[in-house]
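Q: Any chance you can model this:
(one chain, ligands or ions: 1)
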Amino acid sequence: MSMTEETAEAFQQKLQDIKDAGTYKEERVITSQQDADIEVESGDHVINFCANNYLGLANHPEIMDAAKNGVDRYGFGVASVRFICGTQSVHKDLEHALSDFHETDDTILYNSCFDANTGLFETLLGPDDAIISDELNHASIIDGIRLCKADLHVFEHSDMADLEAKLQDAQDAETRMICTDGVFSMDGDVAKLDEICRLAEEYGALVMVDECHATGFMGEGGRGASEAKGVLDQVDIITSTLGKALGGATGGFTTGRQEIIDLLRQESRPYLFSNAIAPSIANAGLKVLEMLQENDDRRETIWENARYFRSEMQERGFDIKPGDHPIVPIMLYDAKTSGAIAEELLDRGIYVISFSYPVVPKGEARIRVQMSAAHSKEQLDRAIDAFAEVAREHDVIE
Ligand SMILES: *Cc1c(COP(=O)(O)O)cnc(C)c1O
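A: Below is the predicted model:
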């Protein structure tokens, strides 16, 4: 070991600073499969309201079987990037299935949507181009933009007048691209994609939408916020994940026009220099897409759960950010109260997480509850009752 005491102390100090700021993150260990009901290390069972397991597919028997079959048929791994010797038929099958699903020309798989986003911008855009990005976009979009030499114009969150002003500022650029999350994870609010696409048309810009919190369950066919807003055919580039509603393992993708996907296959660095996704995951992904298109029971259940939970909580006097998404932000404003309530709920078997500054703006602390199609009505009722009891003790509701 060559690390000096000085360096070690500097790292220790950084850790201490994080602790002092109250933002030190601990991992909570789960000893069961991911589900609506999970077992934690103490052996207790809690109802889980913080997974992105929107459709409850994370431990669905048919999907687990598809993963096992994938191992039997294609082996465990390919030990290669895609373009050397890491492309199996199952990778192509999944790319085709994702393209059919989105009604796009082609799709390129990545190990994550984080990779999809970091490999996107610098491949397509250069110093003569401009990116116009919502200020609340996901960290992976921000990092992807950092790697790209295009001019960056950040517009205020979902502010269409500011977007238009930024588009005007960028009129001299060769190519303009507007990028936005389809659904923003902290508020569960949906991007104004209809207006964004109209402005894109007017000012000649491409539109890129990250559909991570929408793929699989938003829109009539589960194609995301773009479909829900009726602009699927106007969005040029969709990136999304297999790691949330679509089974929750790992994997991401970019889908869109042939020229775009072809270019990404040539030059996108996370695709060129990182391993192909495991064939078991690709095989399971195929099964997920098949299930989504067979019936929409799970899609209906999650929206029903979201409607029920939102209205019952509002009835009890909770302040909930308006919207209808399965991300339900219970606004508590004060960071300490929010943290304490989340802790006490966990003691009562309700696993929720409190978010405060710097993850959300100062004075806007909240408990973010995420619905899943796996939640039963009885589980929702238990959570609602526990929320009401604990919040009353903290004088948050009457
Ligand atoms: C979760 C998320 C990602 C990252 O997806 P991974 O596949 O887990 O890397 C990217 N963008 C948004 C908006 C997300 O919510």
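
Q: Skip the chain neighbours and tell me the closest residue to Gly243.
A: Leaving aside its chain neighbours, Gly243 sits nearest to Thr250 (5.3 Å; criterion: CB to CB, 6 or more residues apart in numbering). All C-beta spots, glycine's among them, are computed from the backbone N, C-alpha and C.

Q: what sits against the closest residue to the ligand within the stretch 251-398 of the chain?
A: Across the stretch 251-398 of the chain, the shortest distance to the ligand (CB to the nearest ligand atom) belongs to Gly252, at 4.3 Å. Neighbouring residues of Gly252 by CB atoms under 8 Å, 6 or more residues apart in numbering: 109-117, 239-243.

Q: Narrow the residues you listed to those in strands?
A: With strands taken from DSSP state E, the overlap with the contacts of Gly252 comprises Leu109, Tyr110, Thr239, Ser240, Thr241.

Q: Let's have those in JSON lines, adding pLDDT, neighbour count and distance to the ligand.
A: As requested, those are arranged in JSON lines below (pLDDT from 0 to 100; neighbours: other CB atoms under 10 Å; distance: CB to the nearest ligand atom, whole Å):
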{"residue": "Leu109", "pLDDT": "98", "neighbour count": "25", "distance to the ligand": "11"}
{"residue": "Tyr110", "pLDDT": "98", "neighbour count": "28", "distance to the ligand": "8"}
{"residue": "Thr239", "pLDDT": "98", "neighbour count": "31", "distance to the ligand": "7"}
{"residue": "Ser240", "pLDDT": "98", "neighbour count": "29", "distance to the ligand": "8"}
{"residue": "Thr241", "pLDDT": "98", "neighbour count": "28", "distance to the ligand": "3"}
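
Q: what packs against the one helix or strand Met331 maps to?
A: Element membership for Met331, per DSSP states H and E: strand 327-333. In terms of contacts (3 or more CB pairs under 8 Å, 6 or more residues apart in numbering; DSSP states H and E), strand 327-333 is packed against helix 297-315, strand 365-370.

Q: buried residues in the first one?
A: For helix 297-315, a neighbour-count test (16 or more other CB atoms under 10 Å) marks Arg298, Arg299, Thr301, Ile302, Trp303, Asn305, Ala306, Tyr308, Phe309, Arg310, Glu312, Met313 as buried.

Q: Next: stretch 18-34.
A: For stretch 18-34, using 16+ other CB under 10 Å, the buried residues are Ile30, Gln34.

Q: Could you break this protein into its assigned domains?
A: 21-50+296-393, 61-292 (automatic domain parsing).

Q: Deepest in the core, which of those is it.
A: Mean neighbour count (mean count of other CB atoms under 10 Å) peaks for domain 61-292 among those, with a mean of 20.

Q: Does Asn69 touch Leu286 like I think?
A: No: if you go by CB atoms under 8 Å, Asn69 and Leu286 don't touch, sitting 10.2 Å apart.

Q: which stretches of the stretch 101-250 of the chain aren't confidently modelled?
A: Within the stretch 101-250 of the chain, not a single segment meets pLDDT under 70.
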